[in-house]
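can't give you the sequence, but here's the structure:
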């Protein structure tokens, strides 16, 4: 790349899979990317661009020349086009849309009218549908005659005269039957219709739960407007799991390819929230500085209570966030799950409190200190279980993401309650 | 169910999707499950059993009568059969295998010889393959004549005379071409062969990275022995993400359906490790009890340093675990990622250290206390970044799961370093 040897570049990139080229583009820096893209010219691999992570993608698309855009536009299907342009600045978006032919341009523009992260954005408009009365022979002849079939598809959607989907026939079923068989006798009625405005995570859940391969997408009038295939759903599922994990840890939308400055900024907000909650915990300790001055052992032991509480709270929280994501926690079993978390907290709190109480007694020789530790631990782990489950459920009920900021609030609660219980009990029972 | 009305039960369950029946079975208790299964009789839905989570599945399978087993065996494909029996006790396994016909029994037994969590366990043996010289017409005629095609399949695997896969043709391509077209002209050469002993998470990664729909599985001699389809890979991907998340939080293999006792036990080990690390942190504080006695403000402020360190460490850790899982962190960019984490730690440490130093100064009126806070925070957040990235990378290099226990060790490091730095600096600079 450095010396501008175009042919060698093309020869090198050609055998690579688009996804691997995308990984390569992610790992190099922006000036090098610009040179590489320019050098690549008309041989650019359209799918390598769609494979890029969003941060890098939005940097690469403006680098493309009009000819490259035309080549990209010609090859991609509507879902990939939408994916490519949705996060772009308006002028860049225009540039890409201009490269499309009229039909595609309209299709992409219509998809963009659906809300972000909805089924309408995820779907592709290219699909194969057939009326109910068609036979295996007719659909095969239709497909052989057609010259703009989708790249890959797995089912034919059967529609009624008003273009509403009524069933689906797997290609494998079509191929295994005789030409005169009617399609509607082969229909897999156990199919799910996806409204275009459904949230993409609900779509991914349905694919995973019901092992769907193809899901027909309908507009508000119930008419077939597109399909979502399992590979799109798989990507969403992966993204959602990643998002939950990052939200739990208080990491924003950062990527490995981000530079130092972006990463530091992405982590800043959570750390800022955390410093506030840490100050609240400090204020609680300050209330008892007289007690600590009298018995310095309290300062030595107090982090054990909060550390165990924080740990137990994170355990409950993680189980709750996963349970909500996989729909294993429902309004029906919710109270049973809450009760279980509380009992588990009490059980583990009792056991570990006893243990640490014994350690405290032996270490500092004060029996009452052991009792205080035991009670504080018990109380804090009960609270940890309760808060760990109630915060994500509450956020979910309020329509927010249950993973959002939960971690910070759970540890704040266990820190505050831990210090309050331990130091409070100590000042009552030991002074 | 309570009154034993068999017909009503069947009428109620019939319209439900298998996955929803499985959810129902998971939510009721074992005696009720036993009654429901008995009542269900020969109408049992085989796929409802495979949809069960492993804990519940292993309780349900022994409840099945021989007739029910026979019905289950007859309907399932080999991958589902393997999935069903692999975790069973040996006697239960025998019972299920006996219900199979000889060919299926042999196929399942052969799959069980592959290691757990390998491609060989995940694959199904039912597939459609064809020699290179066949035409579209021949394969269609073959499929029409065959009476034991797989339930659903999306590609025909093209094999050479020694039964080694050389390519794959999508059904949609077959249907779109004329009868006399040779299959090898339609082949999608960009396909990936999966060795039967490959780890399932590597399989899932390949499906996700290269958008595979079908992956041919080969034995040690390179011969085609089965296929893995995208829906299986999707499940693995989901399981692996869940596993990482739970390992990070120190939650074992627990499920929402578990009872109190199992849950408490599952969380016990991590809490036990955590209490040991908390005691180490306490021992560090105890070293400085004289200093704390002299300046009680230290006890008030010290949790802020460790809390921020723990938080920053968890952020780095989460990014590292995800980066390793998605292969975004490679041996090539590893050191760049480590360097970035350290610099981010220093940057955020400097900013938040300054902030909290100012608070400490204003609160307690000692300028030097502010300086100590600032330095301790800076150092601890640097260590947090370093430990947060190096522990998971080290575990990965050692062949362990990078998420395993990382959380506990990261917080231990930030607690110990945090207390040591803050109290150590304080005793040098303030006394």
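Thanks, I have it. Remember, it's a predicted structure, so these values are computed and weren't measured experimentally.

what's whatever helix or strand residue A:103 lives in packed up against?
Here residue A:103, judged by DSSP states H and E, is contained in helix A:102-112. On a contact count with 3 or more C-beta pairs under 8 Å, 6 or more residues apart in numbering or on different chains; DSSP states H and E, helix A:102-112 meets helix A:78-85, helix A:90-98, helix A:119-122. Quick note: C-beta positions are derived from backbone N, CA and C, even for glycine.

Among those, which comes closest to chain B?
helix A:78-85 (11.0 Å; C-beta to the nearest C-beta).

which residues are contacting the closest one?
A:46-47, A:49-50, A:57, A:61, A:72-73, A:76, A:92-93, A:96-97, A:100, A:104, A:107-108, A:111-112, A:121-126, A:226, A:232 (C-beta atoms under 8 Å, 6 or more residues apart in numbering or on different chains).

Let's verify the one residue sitting closest to the centre of chain A: helix, strand, or coil?
Centroid check for chain A by C-alpha atoms, centre = their mean gives residue A:240 as the closest residue, at 1.3 Å. Assigned by DSSP: H, G, I helix; E, B strand; the rest coil, the conformation of residue A:240 is helix.

burial count for the closest residue to it other than its chain neighbours?
Leaving aside its chain neighbours, residue A:240 sits nearest to residue A:201 (5.1 Å; criterion: C-beta to C-beta, 6 or more residues apart in numbering or on different chains). Residue crowding around residue A:201 was assessed by other C-beta atoms under 10 Å in any protein chain shown; the count is 18.

And residue A:138, by the same measure?
Count around residue A:138 with other C-beta under 10 Å applied: 16.

And for residue A:7?
9.

Is it within a helix or a strand, and which one?
helix A:6-13.

which residues sit in contact with residue A:425?
A:372, A:375-376.

repeat that for 10 Å
A:368, A:371-376, A:379 (C-beta atoms under 10 Å, 6 or more residues apart in numbering or on different chains).

Now the closest residue to chain B within the stretch 301-431 of chain A. Nearest residue, chain neighbours left out?
Using C-beta to the nearest C-beta, the closest approach of the stretch 301-431 of chain A to chain B is made by residue A:318 at 3.6 Å. Leaving aside its chain neighbours, residue A:318 sits nearest to residue B:249 (3.6 Å; criterion: C-beta to C-beta, 6+ apart).

Now do the spatially closest residue to residue A:191 that is not a sequence neighbour: how many residues are near it, please.
Nearest residue to residue A:191 in three dimensions, chain neighbours excluded: residue A:168, at 4.5 Å (C-beta to C-beta, 6+ apart). For residue A:168, the count of nearby residues is 27 (other C-beta under 10 Å).

returning to what we had before: ok so the residue of the stretch 301-431 of chain A closest to chain B is a helix residue?
Yes - applying three-state DSSP, one finds residue A:318 inside a helix.

Name all residues that make contact with it.
Residue A:318 neighbours (C-beta under 10 Å, 6+ apart): A:244-245, A:248, A:388, A:392, A:403, A:406-407, B:242, B:245-251.

Mind checking which of the residues you listed land in helices?
Per DSSP state H, helices hold the following members of the contacts of residue A:318: A:244-245, A:248, A:388, A:392, A:406-407, B:242, B:245-249.

Distance-wise, check residue A:5 relative to chain B.
For residue A:5, the distance to chain B (C-beta to the nearest C-beta, to the nearest Å) stands at 22 Å.

Just say helix, strand or coil for residue A:35.
Per three-state DSSP, residue A:35 ends up helix.

Quick check, pLDDT for it.
With respect to pLDDT, residue A:35 scores 83.

ok so, going back, isn't the residue nearest to residue A:240 right next to residue A:237, touching?
Yes - between residue A:201 and residue A:237 there is a contact under C-beta atoms under 10 Å: 8.2 Å.

Overlap in contacts, those two.
With C-beta under 10 Å, 6+ apart as the test, residue A:201 and residue A:237 both reach residue A:325.

And residue A:152, how close does it get to residue A:308?
Distance from residue A:152 to residue A:308, counting by C-beta to C-beta, to the nearest Å: 52 Å.

For these two, work out which one has more neighbours and name it.
residue A:308 (26 against 17).

just checking, residue A:277 touches residue A:310?
No - contact criterion C-beta under 10 Å: residue A:277 and residue A:310 do not qualify, at 11.4 Å.

Of those two, which one has the most company?
Just comparing residue A:277 and residue A:310: by other C-beta under 10 Å the higher neighbour count belongs to residue A:310, 27 against 19.
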